[in-house]
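Engineer: what follows is a predicted structure for the sequence shown.
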Amino acid sequence: MARNNGLNIRLPPADDLFSSEESRAEAKLEKVVHLSPSAISEFPDHPFKVRMDASMQEMVESVRQYGVLVPALVRPKENGGYEMVAGHRRKYAAELAGLTEIPCIVRNLTDEEATIIMVDSNLQREQILPSEKAYAYKMKLEAMKRQGQRSDLTSDPVGQKLKGKVSVEVLAGNSPDGKTQIQRYIRLTELIPPILQMVDDGKIAFRPAVEISYLRKEEQQSLFDTMSVEGCTPSLSQAIKLKQFSASEKLSADVILSIMQEQKPNQKEQFRIPKERIAKYFAPGTPAQKMEDTIVKALELYRKRQRTMER
């Protein structure tokens, strides 16, 4: 502290005196650090599954040969360690490839900021399951509502709370899907797990699944049981009818069965054989279509022999 004409003058810190503005700005820049994958925990309730598919196998081989080229984004945890924000697949590939460290950018983020970044970084994938989009959009929408701050996609003043409808519009402005489609995806989170799994497996079409999501949980379970026994899934018109009966509180198990047994337009009569009755005649893992083709060929040969014997 210097004294000048009886006045106390506080001098700038030494670091400010002997460092340039450029060096101080550089010190604030994020840097890439190398962290052990074991020090990075998963993002809570991460909606995107890390699957060991062909794409992951290719990534593992690439990481084994070249390392992780794009740094992951992590945030520090209060009790030590780090939490993954963007880079779950890279971390998994690095672990499978036997890497002990991966490059990461460490950034201090709020829960809301981390959620939004996590969702946005994963929505760019080529293959995303309906359930993944459903829960991802729901998480991001809830984060935006909690955040309650101005977005670069809206002219709302800083600090103004985003209403539900406005938030979906803002969310759609930075997403691959439109507002209505996002709302439909979020509806899928109301499905019971076994029916949602059928949507992921492609056994139930997207639009009928959205209509089914309006059924009560016990009604959905009754529908699932009926689908399992009858070996069928609802068309869009059937799903809408189920929803209407549910809204009027008249959707009983008998009504569900009656609706599901309605013949669909251009529906072909199906002849089913329990798989356990024919499985012993085929090698394990034989696709159902191949089984069907083999049975048809066998029947054709049988018919030819019968005709030969009749002559």
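Structural biologist: Thanks, I have the structure now.

Engineer: walk me through the domains of the chain.
Structural biologist: Per automatic domain parsing, the domain ranges recorded for the chain read 16-109, 123-190, 192-260, 275-302.

Engineer: ok, residue 133 - contacts?
Structural biologist: For residue 133, the contact set (C-beta atoms under 8 Å, 6 or more residues apart in numbering) comprises 123, 177, 185. (C-beta placed from N, C-alpha, C; glycine too.)

Engineer: what packs against the helix or strand the last one falls within?
Structural biologist: Here residue 185, judged by DSSP states H and E, is contained in helix 179-187. Under the contact criterion of 3 or more C-beta pairs under 8 Å, 6 or more residues apart in numbering; DSSP states H and E, the helices and strands touching helix 179-187 comprise helix 130-147, helix 164-173, helix 206-212.

Engineer: now render these as TSV, adding mean pLDDT.
Structural biologist: Shown next, in TSV, are the helices and strands packed on helix 179-187 (pLDDT from 0 to 100):
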stretch	mean pLDDT
helix 130-147	92
helix 164-173	72
helix 206-212	97
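
Engineer: nearest to residue 225, of those?
Structural biologist: helix 206-212 (13.6 Å; C-beta to C-beta).

Engineer: for residue 116, which of the domains of the chain is the nearest?
Structural biologist: The closest of the domains of the chain to residue 116 is domain 123-190. By C-beta to C-beta, the value is 5.5 Å.

Engineer: okay, how far is it across that closest one, tip to tip?
Structural biologist: In domain 123-190, first residue to last residue: 21 Å (C-alpha to C-alpha, to the nearest Å).

Engineer: just to revisit the earlier point, can you redo the domains of the chain as JSON lines with distance to residue 116?
Structural biologist: As requested, those are exported to JSON lines (distance: least, C-beta to C-beta, whole Å):
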{"stretch": "domain 16-109", "distance to residue 116": "9"}
{"stretch": "domain 123-190", "distance to residue 116": "5"}
{"stretch": "domain 192-260", "distance to residue 116": "24"}
{"stretch": "domain 275-302", "distance to residue 116": "42"}
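
Engineer: what's the closest of the ones you listed to residue 308?
Structural biologist: Nearest of these (C-beta to C-beta): domain 275-302, 10.6 Å.

Engineer: now the closest one: buried residues?
Structural biologist: By 16 or more other C-beta atoms under 10 Å, the buried positions in domain 275-302 come out as residue 291.

Engineer: which residues are in contact with the residue nearest the centre of the chain?
Structural biologist: Residue closest to the average C-alpha location in the chain (C-alpha atoms, centre = their mean): residue 132, at 1.4 Å. Residue 132 is in contact with 47, 48, 49, 122, counting by C-beta under 8 Å, 6+ apart.

Engineer: again with residue 75
Structural biologist: With C-beta under 8 Å, 6+ apart, residue 75 has these contacts: 82, 83, 85, 106, 107, 108, 109, 114.

Engineer: would you point out the most distant pair within the residues you listed?
Structural biologist: 106 and 114 (12.3 Å).

Engineer: comparing these two, which residue is more hemmed in?
Structural biologist: Taking residue 106 and residue 114 together and counting by other C-beta atoms under 10 Å, residue 114 has the greater number of neighbours (22 against 17).

Engineer: name the helix or strand for the more buried one, please.
Structural biologist: Using DSSP H and E, residue 114 falls in helix 111-122.

Engineer: quick one: the closest residue to residue 110 other than its chain neighbours from residue 248, how far?
Structural biologist: In space, and not counting its chain neighbours, residue 110 is closest to residue 147: 7.8 Å by C-beta to C-beta, 6 or more residues apart in numbering. Note on residue 147: its distance to residue 248, by C-beta to C-beta, to the nearest Å, is 39 Å.

Engineer: look at these two and report which has more neighbours.
Structural biologist: Of the pair residue 147 and residue 248, residue 147 is the one with more neighbours under other C-beta under 10 Å, namely 18 against 8.

Engineer: show me the contacts for the more buried one.
Structural biologist: Neighbouring residues of residue 147 by C-beta under 8 Å, 6+ apart: 110, 112, 113, 116, 162.

Engineer: please name the nearest non-neighbouring residue to the third one.
Structural biologist: Right, residue 113. residue 147 (7.6 Å).

Engineer: same for the helix or strand hosting residue 90, what does it pack against?
Structural biologist: Secondary structure assignment for residue 90, by DSSP H and E: helix 88-97. For helix 88-97, the elements it packs on are helix 54-66, strand 102-106, judged by 3+ C-beta pairs under 8 Å, 6+ apart.

Engineer: for the shortest one, what is the average pLDDT?
Structural biologist: So the one you mean is strand 102-106. Averaged over strand 102-106, pLDDT sits at 95.

Engineer: pretty sure residue 234 is touching residue 257, no?
Structural biologist: No: in terms of C-beta atoms under 8 Å, residue 234 does not count as a neighbour of residue 257; the distance is 11.9 Å.
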